[in-house]
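Chemist: Return a 3D structure for these sequence lines:
(one chain, ligands or ions: 1)
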Amino acid sequence: MPEKYWPETVILWGAGATKSLGLHATNELMRLVLKISKKDFSFLNGKDEKLSNAFKKLIVEDLIKDTKISKIYDLKALEAIISTNDKLNMHELFTMLDQLIDNNMGFNAFLHGKTQFLRAERVQAAKRCLILIIEELERFSIQNTPGYTDREKMEPYYQFAKILTELMIEEAQEFENRGYRRDTRRFYLYSYAIISFNWDPIILWNLFNAHKEKNQNPVKLKDGLKLQLYDDFGTQISSAQLDGNESGIWYVTDEPQCKGINDYNYPSRIIRIGKILFPHGMFGSRICPECGKSIISFAKKWNRLSTEIFGPSILKPLQKNWRYTTQKEKIYKRGAIECPYCGQITYPYDMTLIIQSLSKKRSVPTLEELKTEMGLLMKNAKHIVFAGYSLPLDDIMVKTFFMSSISGNDKNKLKCTVINYDEEYRESGWLSGNNILEYVKKSKNNSAAECIENICDIFPLENIRVNLSGIPDVFMEDGKCSKKKVMDLLYPEEYFKEGFPIYRD
Ligand SMILES: [Zn+2]
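Modeler: Down below sits the predicted model:
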C-alpha cells in the first residue's frame with residue numbers, strides 16, 4: 001500500500017514572501033543587472049556606505065580588472081549579451097545562456113557599430129557572472145549593517161517560525177493522545193511543508209533557530225522522552241559540522257533517522273520532521289565538482305540575524321563575518337567552501353541556482369530528486385498556500401509541472417489560499433467567490449491579479465480564498481505575529497472541519 005500520510009498543507013513560498021526584507025523578485029533583479037551593466041549605481045543610495053563601496057568595487061574593479069576573477073566571472077561578456085536586448089527578462093536570459101552552453105555555441109553581439117563575437121567559454125563565464133551578481137545583490141540587499149539583517153524587519157519571520165514550532169509540538173502531544181504510532185509518518189511528519197522558490201534561506205534559518213531553542217529546552221512526552229523538531233530537505237545534503245571542534249560531516253535529518261530514533265525498542269528521544277524544499281537551489285549551497293555531492297555551508301555560528309547563512313562572498317567586506325575555517329579555504333578564499341567528503345574546493349559558481357528554464361539537458365540529480373518530491377507533496381496535499389509565489393504560468397514548464405502534479409489530486413477537495421499584495425486591498429480581508437472575479441476584472445494588468453487569474457485556471461473558484469495584505473501582514477495583529485492568524489492561514493476551519501491538530505485517519 002502506498003504511504004497514506006503526507007503534509008496536509010503545502011506552502012509555496014515565493015519572492016513576495018520576503019519582499020518586506022528588501023530581497024528582490026526576479027524581474028527586479030533583472031532590472032538591477034541591467035543597471036549594473038550600464039554602471040548606474042543609483043540603487044546603492046541610502047545603503048550602508050561600507051557595503052555600497054564594497055559592492056561598487058566588486059563590479060568596477062574585481063570583475064573587470066582582476067585578471068583571474070574577470071576570466072571566471074566574465075562581466076564584459078554578460079554586458080555584451082544583455083546590451084543587445086534590454087527587454088530580456090531573467091527567464092529568457094537564463095534559457096538563452098543555457099541553450100548556448102548546451103550546444104557549445106558562441107554569441108554574436110552587435111555593439112557600438114560592430115559585431116563582437118563571444119566564444120562559448122565566454123558565454124559560460126557570463127552565466128557564472130550572472131549567478132554571482134544575483135547572489136551578491138541579494139546578500140547585499142538583506143544587510144542592514146555589514147554582516148547583519150535588520151532586527152525589526154526580521155522579527156515577524158522569527159515569530160512566525162516560533163509559532164510554527166509551537167504548533168508542531170502541540171500536534172505531537174495531540175497525536176500521542178490519539179495513539180498514533182511514533183515510528184510512522186502519521187506521528188512524525190509535520191502537517192505543513194514548505195516549498196521555497198526563493199534562493200534565499202531566510203525562512204529556513206528562522207525555523208532552524210526556533211527549533212534549536214525548543215530542542216535545547218525540550219517538551220517531554222508522556223513517557224518522559226524528549227521531543228525534538230527537525231527539517232528534511234527532501235534530498236541528502238550535508239555540511240561541515242556547525243559548533244563542534246572536530247572536523248566531520250553533518251547531515252540534515254531525514255525520514256530513515258526518524259524511524260530509527262523513534263523505534264519503540266530503543267527509546268532515547270522522539271523526533272519529528274517537516275519537509276522544506278528548495279527546488280531552485282539555495283544561496284550558500286554547492287554541488288561538489290569532484291565528487292558530485294550536495295553540500296551546504298550554513299553559518300559558522302548560531303546568530304539568527306547573521307547573514308552568514310547566505311554563504312561566503314568573493315569579496316570579504318560583502319560578508320564581513322565569514323571565517324574560512326579549513327586550511328585550503330584559507331588559501332583559496334574568494335567564496336571557497338571545502339567539500340567535507342572529498343576535500344575539493346567549491347566556488348560560488350558551483351552553486352546550482354536555476355530559474356525554471358526550458359533547457360532540458362541541465363539536469364542535476366539533486367534537483368531532479370527535489371522535483372519528484374515536490375510533485376508528490378503537491379499531489380497529496382489537501383491545502384496549497386501560495387505565499388507570495390506568483391505561479392508564472394507563462395513559463396510552460398511551470399504550467400505543465402503544476403498541472404501534472406495536481407492532476408492526480410481530487411480537485412473538488414483540494415483547497416487553495418492565495419496571499420498576495422495589493423496596496424488598495426490591503427485591509428479587505430479574505431476574498432472568495434465572485435469577489436475574487438470582481439477583483440481580477442477591476443485590476444487588469446497588475447501582477448497580483450494575473451497570479452490570481454492563473455490560479456483560477458487550475459483550481460475551482462469555490463475552493464479558493466484570497467488575501468491581499470501580503471506577508472508578513474497576513475499573520476500580524478497589533479504589531480505581533482498572531483497564532484490564531486497563522487492557524488487560520490494554514491489550517492482554516494472551512495477547509496479542515498475538525499480544526500487543528502489535523503485528523504489523520
Ligand atoms: Zn566533494
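
Chemist: Next to the ion, which bits of the stretch 201-350 of the chain? Give me the list.
Modeler: Where the stretch 201-350 of the chain comes near the ion, counting by Cβ under 5 Å from the ion, the residues are 288, 290-291, 339, 341-342, 344. Quick note: C-beta positions are derived from backbone N, CA and C, even for glycine.

Chemist: Filter the residues you listed down to the buried ones, ChimeraX style.
Modeler: Selection command for ChimeraX covering only the buried members of these, criterion 16 or more other Cβ atoms under 10 Å:
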select :288,339,344
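
Chemist: pretty sure Met282 is in contact with Ile295, am I right?
Modeler: No: counting by Cβ atoms under 8 Å, Met282 sits too far from Ile295 to count as a contact (11.3 Å).

Chemist: Neighbours of the residue in the stretch 401-505 of the chain positioned nearest to the ion, how many?
Modeler: Minimum separation of the stretch 401-505 of the chain from the ion (Cβ to the ion) falls at Phe401, amounting to 29.8 Å. For Phe401, the neighbour count with other Cβ atoms under 10 Å is 17.

Chemist: which SS class is it?
Modeler: helix (DSSP: H, G, I helix; E, B strand; the rest coil).

Chemist: Pull out the buried positions in stretch 57-64.
Modeler: 58-59, 62-63.

Chemist: just stretch 287-306 next, same as before
Modeler: Quick answer for stretch 287-306 (16+ other Cβ under 10 Å): 287-288, 293-300, 304-306.

Chemist: Of those, which one scores lowest on pLDDT?
Modeler: The weakest per-residue confidence within the buried residues of stretch 287-306 falls on Ala299 (66).

Chemist: roughly how far is the longest helix seen in the chain from the heart of the chain?
Modeler: Counting by DSSP state H, the longest helix found in the chain is helix 151-177. Between the centre of helix 151-177 and the centre of its host chain there is 19 Å, according to Cα atoms, centre = their mean, to the nearest Å.

Chemist: Just the helices from the stretch 51-200 of the chain, written as ranges.
Modeler: All helices of the stretch 51-200 of the chain, identified by DSSP state H, counting those that start in this stretch, fall at 63-65, 67-72, 75-83, 90-102, 120-142, 151-177, 185-188.

Chemist: what would the ones you listed look like in CSV with distance to Thr372 and mean pLDDT?
Modeler: As requested, the helices of the stretch 51-200 of the chain are arranged in CSV below (distance: least, Cβ to Cβ, whole Å; pLDDT from 0 to 100):
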stretch, distance to Thr372, mean pLDDT
helix 63-65, 37, 95
helix 67-72, 33, 95
helix 75-83, 33, 95
helix 90-102, 21, 90
helix 120-142, 24, 95
helix 151-177, 25, 98
helix 185-188, 17, 97
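
Chemist: Let's have these in JSON lines, adding distance to the ion.
Modeler: Converted to JSON lines, those look like this (distance: least, Cβ to the ion, whole Å):
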{"stretch": "helix 63-65", "distance to the ion": "27"}
{"stretch": "helix 67-72", "distance to the ion": "19"}
{"stretch": "helix 75-83", "distance to the ion": "28"}
{"stretch": "helix 90-102", "distance to the ion": "23"}
{"stretch": "helix 120-142", "distance to the ion": "19"}
{"stretch": "helix 151-177", "distance to the ion": "31"}
{"stretch": "helix 185-188", "distance to the ion": "31"}
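
Chemist: Minimum distance to Leu12: which of those helices has it?
Modeler: For Leu12, the closest of the helices of the stretch 51-200 of the chain is helix 151-177, at 15.6 Å, according to Cβ to Cβ.

Chemist: in the closest one, what counts as buried?
Modeler: Neighbour-count burial for helix 151-177, with 16+ other Cβ under 10 Å as criterion, is recorded at 154-165, 167-169, 171-172, 175-176.

Chemist: list the helices and strands that helix packs on?
Modeler: Helix 151-177 makes packing contacts with helix 185-188, strand 189-196, helix 202-216, strand 227-232, strand 270-277, strand 480-481, helix 483-490 when contacts are defined by 3 or more Cβ pairs under 8 Å, 6 or more residues apart in numbering; DSSP states H and E.

Chemist: can you put these in CSV and add mean neighbour count?
Modeler: Conversion of the helices and strands packed on helix 151-177 to CSV gives the following (neighbours: other Cβ atoms under 10 Å):
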stretch, mean neighbour count
helix 185-188, 20
strand 189-196, 24
helix 202-216, 20
strand 227-232, 21
strand 270-277, 22
strand 480-481, 16
helix 483-490, 18
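
Chemist: Other residues contacting stretch 57-69?
Modeler: By Cβ atoms under 8 Å, 6 or more residues apart in numbering, the surrounding residues in contact with stretch 57-69 are 36, 39, 41, 70, 73, 75-76, 129, 133, 136, 314-315, 318, 334.

Chemist: run the last query once more with 10 Å
Modeler: Taking Cβ atoms under 10 Å, 6 or more residues apart in numbering as the criterion, the residues outside stretch 57-69 that touch it are 36-37, 39, 41, 54, 70, 72-76, 78-79, 129, 132-133, 136, 140, 313-315, 317-318, 334.

Chemist: in the sheet, who's paired with the nearest residue to Arg426 once chain neighbours are set aside?
Modeler: Residue nearest to Arg426 in three dimensions, not counting chain neighbours: Ser469, with 5.0 Å by Cβ to Cβ, 6 or more residues apart in numbering. When bridges are called by DSSP bridges, Ser469 pairs up with Tyr421.

Chemist: I figured Ser469 hits Glu424, correct?
Modeler: No: with contact defined as Cβ atoms under 10 Å, Ser469 does not count as touching Glu424 (11.2 Å).

Chemist: joint contacts of those two?
Modeler: Between them, Ser469 and Glu424 share no contacting residue, judged by Cβ under 10 Å, 6+ apart.

Chemist: what about the residue of the stretch 101-250 of the chain found nearest the ion, distance to Leu370?
Modeler: As assessed by Cβ to the ion, the ion sits closest to Ser238 within the stretch 101-250 of the chain, at 10.1 Å. Ser238 sits 15 Å away from Leu370 when distances are taken as Cβ to Cβ, to the nearest Å.

Chemist: Look at these two and report which has more neighbours.
Modeler: Leu370 (21 against 17).

Chemist: Contact partners for the more buried one?
Modeler: Neighbouring residues of Leu370 by Cβ under 10 Å, 6+ apart: 195, 233-235, 277-281, 294, 364.

Chemist: Please work out the angle formed by the directions of the one helix or strand it maps to and strand 270-277.
Modeler: Secondary structure from DSSP states H and E places Leu370 in helix 365-380. Computed with axes from the mean of the first three to the mean of the last three Cα atoms, to 10 degrees, the direction of helix 365-380 lies at 100 degrees from that of strand 270-277.

Chemist: Show me what the residue lying closest to Gln159 once chain neighbours are set aside bridges to in the sheet.
Modeler: Once its chain neighbours are removed from consideration, Gln159 has its nearest residue in Cys481; the separation is 3.5 Å (Cβ to Cβ, 6+ apart). Residues in a beta bridge with Cys481, per DSSP bridges, are Met476.
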